[in-house]
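Asks: generate a structure from the sequence data that follows.
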Amino acid sequence: MKKLLYFFIIVYLIFFNTLLFSQDVKPKIAVMDLDAKGEISKADAEAVSDFLRTDLVNTKKFTVVERSRINDLLKEQELSLTGLTEVEKATKIGKFLNCKYILVGSLSKLGNKYFLNVRIVDVETSEIKLAKRESTTSIEAMSDISKSIAYQLAGLKYVKKEKNKNQPEIKNKALLKPGIGVDLQLGFSKLYKYRKTITTNDYVCKINSDSSILDLRGGIYFNFLYFGIISKNSVVKKGSKIIINETFSSLFQNTNIITTYTNSEKMSIKSMDFILGVRGWHRGKLDSKVAYISYKKLKTESDPENINNYSGWGFGIISRSTYNLTNTPVDILINFGIGAGWLSNNNLAEKINIFAFNGELGVGFILKRIGIYSFFNYNLDGFYLVNSKKSRNVLYLPSGFEFRIGYNFDLQALNN
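Replies: Take a look at the predicted model:
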């Protein structure tokens, strides 16, 4: 089972590197200054040309050549470009600039209307790949016209944002589309370690063994509210090897005894958190941060006759952030969480309190606009049992790497 898990980790890392280094190279495009025709001034034509450059950059579909570089080239090649047709001239300039495409066009005025004509020329074939024409009744509206054309050339849908003068402006636009959805996770690992330390006034016993973990999580959220459950089960199976390091302290010396044996009974630590949280989110993204209070239940089992149950309140933070990978179907996902709680057992002959704490950190991928994600996570759970007489304390510390898969169905982000 471990070999299979190691193989899976290697395949996952190869997939990670492939996505990082196999992104599509954005085609390079040069935007020539538009020809000013009719009553249009050269300054207006240059301004609209700059609009096009900026808007093409903002589509994130092209690498746009700076205007200064184009002007420097035109000065150097002034004689060699004389007498060429518009397409021939554009093709030659594009080759000098090592561009895939070059955009040429004109800004003109007929009557009360302004017209913007643009054409994209394929530098390699000298073919006009795309031609667009838009009109408006004012030169000021050319800003929206430029955005519309840039989006069309990039193959994107452009929707002009209309302002309603009768409706007050809402500063926090994230509230317009609240986050509504569910989040589910499944985590598992055979790379876990089961650690238990028992201390008394003159005795320390440290127990170490390989174990496995099953980590199930689910949550529903609406706006700022989050309700969830986290269930973890760390198990040392019957027949597993256990290493015990015992240290005896005396007035004169310390004695160390290391013993390895095969346990005859299953050992496990089971915990379940019922969560009520306050959630923050980023509009249109599948990430969120939750600050929560929880009611935790804990069950420790060393053998059939040594089963203890504890319960109590806790608090914590869960943070999942996404980072955009351009021109790929996935985003990088960073997972982080911390928590703590205070539990007790009132059913025993003597009350025992437990300080519980946990931390996790992981990295992986999430599919854009789908919500399926996976990541490797280092998980640490600690349970410190404090005897009321301070004569015997026990620390459980199951920890290790686990692999998680999940699905975040966020209506806000998926419909954005």
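
Asks: so what's the residue nearest to residue 158 when sequence neighbours are not counted up against?
Replies: Leaving aside its chain neighbours, residue 158 sits nearest to residue 151 (3.5 Å; criterion: Cβ to Cβ, 6 or more residues apart in numbering). Placement of C-beta: from N, CA and C, glycine included. Neighbouring residues of residue 151 by Cβ atoms under 8 Å, 6 or more residues apart in numbering: 55, 59, 157-158.

Asks: let's go with 7 Å and repeat that
Replies: 59, 157-158 (Cβ atoms under 7 Å, 6 or more residues apart in numbering).

Asks: can you flag which of these belong to helices?
Replies: If you go by DSSP state H, the contacts of residue 151 have nothing in helices.

Asks: what's the local residue count around residue 235?
Replies: 19 (other Cβ atoms under 10 Å).

Asks: what's opposite it in the beta bridge?
Replies: residue 212, residue 268 (DSSP bridges).

Asks: distance check, it against residue 306.
Replies: For residue 235, the distance to residue 306 equals 15 Å [Cβ to Cβ, to the nearest Å].

Asks: what does residue 338 give?
Replies: Going from residue 338 to residue 306 by Cβ to Cβ gives 30 Å.

Asks: kindly report the same for residue 234.
Replies: Taking Cβ to Cβ, one finds residue 234 at 16 Å from residue 306.

Asks: check residue 341 too.
Replies: Distance from residue 341 to residue 306, by Cβ to Cβ: 22 Å.

Asks: which of the two has more neighbours?
Replies: Legend: neighbour count by other Cβ under 10 Å for residue 341 and residue 306, higher for residue 341 (24 against 10).

Asks: quick check: closest non-adjacent residue to the more buried one.
Replies: residue 314 (2.4 Å).

Asks: check the burial of that neighbour by counting its neighbours.
Replies: Other residues close to residue 314 by other Cβ under 10 Å number 20.

Asks: same question, residue 45
Replies: Residue 45, neighbours per other Cβ under 10 Å, totals 20.

Asks: that one against residue 36, yeah?
Replies: Yes. Residue 45 sits in contact with residue 36 when judged by Cβ atoms under 7 Å, with a separation of 3.9 Å.

Asks: any common contacting residues for those two?
Replies: residue 107.

Asks: quick check: the most centrally placed residue in the chain vs residue 398, distance?
Replies: Most central in the chain under Cα atoms, centre = their mean is residue 322, positioned 2.0 Å from the mean C-alpha point. When Cβ to Cβ is the yardstick, residue 322 and residue 398 sit 29 Å from each other.

Asks: same thing with residue 92?
Replies: In terms of Cβ to Cβ, residue 92 sits 69 Å off from residue 398.

Asks: these two: which is more packed in?
Replies: Neighbours were counted for residue 92 and for residue 398 using other Cβ under 10 Å; residue 398 has more, 24 against 18.

Asks: where exactly do the helices run in the stretch 1-150 of the chain?
Replies: In order along the chain, the stretch 1-150 of the chain carries the following helices (DSSP state H, counting those that start in this stretch): 2-21, 42-58, 67-76, 86-96, 142-153.

Asks: same check on the stretch 301-416 of the chain?
Replies: 411-414.

Asks: give me the below-cutoff pLDDT ranges for it.
Replies: 304, 346-350, 387-391, 411-416 (pLDDT under 70).

Asks: ok, residue 91 touching residue 125?
Replies: No. In this structure residue 91 lies outside contact range of residue 125 using Cβ under 7 Å: 8.7 Å.

Asks: so between those two, which is more surrounded?
Replies: The neighbour comparison of residue 91 against residue 125 (other Cβ under 10 Å) goes to residue 91, with 21 against 9.

Asks: any idea what sits nearest the more buried one, other than its immediate chain neighbours?
Replies: That would be residue 126: by Cβ to Cβ, 6+ apart, it lies 4.7 Å from residue 91.

Asks: give me the pLDDT value at the one you found.
Replies: Looking at residue 126, its pLDDT reads 87.

Asks: just residue 102 next, same as before
Replies: 90.

Asks: ok, now which ones touch it?
Replies: Residue 102 touches 29-30, 32, 90, 93-94, 121, 123, counting by Cβ under 7 Å, 6+ apart.

Asks: distance check, it against residue 222.
Replies: As for residue 102, its distance to residue 222 is 50 Å (criterion: Cβ to Cβ).

Asks: go on, residue 146?
Replies: 40 Å.

Asks: residue 276 is in contact with residue 293, isn't it?
Replies: Yes. In this structure residue 276 lies within contact range of residue 293 using Cβ under 7 Å: 5.8 Å.
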